[in-house]
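*Asks:* can you look at this prediction? I've put the sequence above it.
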Amino acid sequence: MKILSDFHSHTDYADGKNTPEEMVLSAIELGISEYGISEHVYMPNPPAEEYLGMDESKFEKYVLELTELKEKYRGKIELHIGTEVDGMGKKLRAEYVIGSTHVLEKDGETITVDDSEETLKYACERLFSGDWYKLCEAYYEQEAKIAKLTDCDIIGHFDLITKFNQDGRLFDESCDAYLEPAISAMKELLYAGVPFEINTGAISRGYRKEPYPSRRLLKELKSRGGMIMINSDSHSKDTLLYKFDMARRLALECGFEYALIPDCKGGYKRTEL
Ligand SMILES: [Zn+2]
Ligand SMILES: [Zn+2]
């Protein structure tokens, strides 16, 4: 079945290109029935001592504006008010939370894993003596805690550390040195009982050819009884539902039969794939 929900998207309240209303109108045009905006809140932004995303006062404005949009378009679309919270940021919650690891700490320094390939290579050289598997291990140690740190309803882009690793050009995603810490983080997160998103955001932005998480990790997730949902992580109104057919096929090939969406009352609804 065609998936007509998308719960991971950004606006000009942080690093997205469009206003919330432009995003909502685009979602309506695409026939989306349940739509969630999940703006970043308080994400450390090294090397500066500042944060990316909304602070408390911007968050208050955001909730107010989205609540108005929810009313304005009621009957046309069900709008949900979310936040994407980093494990090292502050937890600001509206109706649902996506928990994501974008930054981690090593020797008192903060590293952003999805900023640019250059930044990540430089951090790997300097802080991990060029050992990518040590860097991946540190990433998954932080990721393993994401549900506890953010109290999230959705695990965001579980293997974001692979953003610049298309075709294994930085490290080998099939070897034990990579997979062991990844699977041990997955095992820890399964206790939270929340879905892992299949996220197509790095495809629409030209970094990857397949969604997060990798096929190997999705199969692992399925074999351990994990659950999924499908999200675009859109930073522009043109990429909602981006490559959802591909994500759906991938999920089916990995053995999943349905995806979840939060009902924003503490539970989930199922959509057949
Ligand atoms: Zn993210
Ligand atoms: Zn995002």
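*Replies:* Sure thing, it's come through. Ligands and ions are numbered 1, 2, ... in the order given.
*Asks:* the residue in the stretch 51-200 of the chain that ligand 2 sits nearest to: what's it in contact with?
*Replies:* Closest approach of the stretch 51-200 of the chain to ligand 2 (Cβ to the ion) occurs at E84, with a separation of 4.8 Å. To be clear about C-beta, it is placed using only N, CA and C from the backbone, and glycine gets the same treatment. Residues in contact with E84 (Cβ atoms under 8 Å, 6 or more residues apart in numbering) are 8, 10, 38-41, 53, 97-98, 100, 156.
*Asks:* now do the helices in this structure.
*Replies:* For the chain, the helices defined by DSSP state H cover 20-29, 56-72, 117-128, 132-143, 146-150, 176-190, 201-204, 215-223, 244-253.
*Asks:* tabulate these (JSON lines), appending distance to D263 and mean neighbour count.
*Replies:* Output for these, formatted as JSON lines (distance: least, Cβ to Cβ, whole Å; neighbours: other Cβ atoms under 10 Å):
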{"stretch": "helix 20-29", "distance to D263": "18", "mean neighbour count": "19"}
{"stretch": "helix 56-72", "distance to D263": "15", "mean neighbour count": "15"}
{"stretch": "helix 117-128", "distance to D263": "37", "mean neighbour count": "16"}
{"stretch": "helix 132-143", "distance to D263": "25", "mean neighbour count": "21"}
{"stretch": "helix 146-150", "distance to D263": "18", "mean neighbour count": "21"}
{"stretch": "helix 176-190", "distance to D263": "21", "mean neighbour count": "18"}
{"stretch": "helix 201-204", "distance to D263": "23", "mean neighbour count": "22"}
{"stretch": "helix 215-223", "distance to D263": "22", "mean neighbour count": "18"}
{"stretch": "helix 244-253", "distance to D263": "20", "mean neighbour count": "17"}
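*Asks:* show me the beta-bridge partners of Y51.
*Replies:* P44 (DSSP bridges).
*Asks:* I'd guessed it sits against Y42; true?
*Replies:* Yes: using Cβ atoms under 8 Å, Y51 makes contact with Y42 at a distance of 4.9 Å.
*Asks:* same list (the helices of the chain) but as JSON lines, adding mean pLDDT.
*Replies:* Shown next, in JSON lines, are the helices of the chain (pLDDT from 0 to 100):
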{"stretch": "helix 20-29", "mean pLDDT": "98"}
{"stretch": "helix 56-72", "mean pLDDT": "97"}
{"stretch": "helix 117-128", "mean pLDDT": "96"}
{"stretch": "helix 132-143", "mean pLDDT": "98"}
{"stretch": "helix 146-150", "mean pLDDT": "97"}
{"stretch": "helix 176-190", "mean pLDDT": "98"}
{"stretch": "helix 201-204", "mean pLDDT": "94"}
{"stretch": "helix 215-223", "mean pLDDT": "98"}
{"stretch": "helix 244-253", "mean pLDDT": "98"}
